[in-house]
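Visitor: Here is the input, now give the coordinates:
(2 chains)
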There are 2 protein chains.
Amino acid sequence: MLYNFGEESSVSTDEFYMKQALKEAQIAFDADEVPVGAVVVCRNRVIARAHNLTERLNDVTAHAEMQVITAAASFLGGKYLDECVLYVTLEPCVMCSGALQWAQVGKIVFGAFDPKRGFSRMIPSPLHPKTEYVGGVLENECGQLIKDFFKKKR
Amino acid sequence: MLYNFGEESSVSTDEFYMKQALKEAQIAFDADEVPVGAVVVCRNRVIARAHNLTERLNDVTAHAEMQVITAAASFLGGKYLDECVLYVTLEPCVMCSGALQWAQVGKIVFGAFDPKRGFSRMIPSPLHPKTEYVGGVLENECGQLIKDFFKKKR
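Guide: Numbering: from 1, shown residues only, chains lettered A, B, ... in the order given. This next block holds a predicted model:
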C-alpha cells in the first residue's frame, strides 16, 4: 500500500505514520505488553510494523524497534535502513538506539520522551552521525497509552 | 555438563569460560562473520552459547550477546539473568550493553577492549547498577582473531 504525501517528514506526514505506530502500541496494550509500537517507512511506504513482545516472547530484547529493524531489513533484503524513517511511540532506549546506529537508519521520529531510559541523555550520542531525529510527535497520545498501562498494572 | 571450579570469577575460571566464548568466535570466523563469541554461565554451568550472525541472518541486531541473552532466558524460563555471568570475546557495543541492562545480568567478563564502539565510554553507564564487569580476559587471543579477520578482508 502506498501513502504518497509528497515530501516525507512534514508535520501531517509524521502524524499519519505515528498513528500507524500507535495502532501497533494499542495491540501491545491489549496483549498486556508495555504499549510501544513502531513502523518503518521507506519511500512513503510502510515496509514493517511491530510492537513490544517482551512478555510473550519472554525476551528483554523483543522491543518494538528491534523487531521492526529486523523485519524491515528482511523486506529490503539488505541490512541498512539509511533510506528509511523509523516511527516509534516512545523515545528509543539505549539498546534500540544502538541497533538503529548499526542499521544506519536515516531518521527517527518518536512520540513520548523517556527521560529515564531514552537515548538522548547519553554522551556521546549512540546514533549514527547521519541519523536525524525528532521527538514529541503525538506525544500526548503516545504517552497516555503508557500511563494508562502502568495505572492498570498498579 | 557441570564445570565446578568452586568460586566463580577467579582468573582461571574466567579464562576457562573465555576459551568457550573463543570457540564460538572461531566458528564465526570460519563462517566469514566478524568473529565474536559469547557464553552465559549460571552456577558454574554454560547454559547458552552463540556467535555473531549478522551476515548470515542479514540482521544488524544478530550480535553474539543478543542471541546468547535470548537463548539463556529461554533456557532459564525467565527474562532476567541476574544470577548469570556473560563471557564475550569483545567489549559489548551500546546495543548489547542496553540489552544486558534490561536482562539485569549479574556480571560481564569481556576479552578485547573496543575503544570506538564499546559501552564503557558512554556516560551515564548503560549497564544495570548491579552489574559488575571486567575486561581484558584473554585480551590478546580475543583481539587477534578480530585483527586476523579484518586483515583477511582487505
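
Visitor: Tell me who's in contact with A:Met66.
Guide: Going by Cβ atoms under 8 Å, 6 or more residues apart in numbering or on different chains, A:Met66 touches A:Met95, A:Cys96, A:Ala99, B:Thr61. (Glycine included, C-beta is placed from N, CA and C.)

Visitor: who touches the residue minimising distance to the centre of chain A in this structure?
Guide: Note on chain A: the residue nearest the mean C-alpha position is A:Val88, at 2.3 Å, using Cα atoms, centre = their mean. Residues near A:Val88 by Cβ under 8 Å, 6+ apart: A:Ala21, A:Val36, A:Gly37, A:Ala38, A:Ala64, A:Glu65, A:Val68, A:Cys96, A:Ile108, A:Val109, A:Phe110, A:Gly111.

Visitor: Looking at these, which are in strands?
Guide: Assigned to strands by DSSP state E, the following of those qualify: A:Gly37, A:Ala38, A:Ile108, A:Val109, A:Phe110, A:Gly111.

Visitor: Going by distance to chain B, which of the residues you listed wins?
Guide: Comparing the ones in strands among the contacts of A:Val88 against chain B with Cβ to the nearest Cβ places A:Ala38 closest, at 13.5 Å.

Visitor: residue ranges for the strands of chain A, please.
Guide: Using DSSP E, strands in chain A cover A:37-42, A:46-51, A:84-90, A:107-112, A:132-134.

Visitor: Return the per-residue confidence for A:Glu7.
Guide: On pLDDT, A:Glu7 comes in at 50.

Visitor: just to revisit the earlier point, can you put the ones in strands among the contacts of A:Val88 in a markdown table and add neighbour count?
Guide: Below are those laid out as a markdown table (neighbours: other Cβ atoms under 10 Å in any protein chain shown):
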| residue | neighbour count |
| --- | --- |
| A:Gly37 | 30 |
| A:Ala38 | 31 |
| A:Ile108 | 24 |
| A:Val109 | 25 |
| A:Phe110 | 29 |
| A:Gly111 | 29 |
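
Visitor: Tell me which two of these sit farthest apart.
Guide: A:Gly37 and A:Ile108 (14.2 Å; Cβ to Cβ).

Visitor: Now do the contacts for A:Lys152.
Guide: Counted by Cβ under 8 Å, 6+ apart, A:Lys152 has zero contacts.

Visitor: hmm, I was thinking of A:Val134
Guide: Applying Cβ under 8 Å, 6+ apart, we find A:Val134 in contact with A:Ser9, A:Asp14, A:Lys107, A:Ile108, A:Val109, A:Phe110.

Visitor: at 7 Å instead, please
Guide: Residues in contact with A:Val134 (Cβ atoms under 7 Å, 6 or more residues apart in numbering or on different chains) are A:Val109.

Visitor: which residues does it bridge with?
Guide: Taking DSSP bridges, one obtains A:Val109 as the residues bridged to A:Val134.

Visitor: how close does it get to chain B?
Guide: Applying Cβ to the nearest Cβ, to the nearest Å, the value for A:Val134 to chain B is 21 Å.

Visitor: Was I right to think A:Asp59 contacts B:Ala71?
Guide: No - contact criterion Cβ atoms under 7 Å: A:Asp59 and B:Ala71 do not qualify, at 9.8 Å.

Visitor: So those two - more neighbours on which side?
Guide: With neighbours defined as other Cβ atoms under 10 Å in any protein chain shown, A:Asp59 and B:Ala71 compare such that A:Asp59 has more, 21 against 18.

Visitor: Count the neighbours of the closest residue to the more buried one other than its chain neighbours for me.
Guide: In this structure, A:Asp59 finds its nearest non-sequential neighbour in B:Thr70, 5.2 Å apart by Cβ to Cβ, 6 or more residues apart in numbering or on different chains. Using other Cβ under 10 Å, B:Thr70 has 21 neighbouring residues.

Visitor: surely B:Thr70 meets A:Thr61?
Guide: Yes - using Cβ under 7 Å, B:Thr70 makes contact with A:Thr61 at a distance of 6.0 Å.
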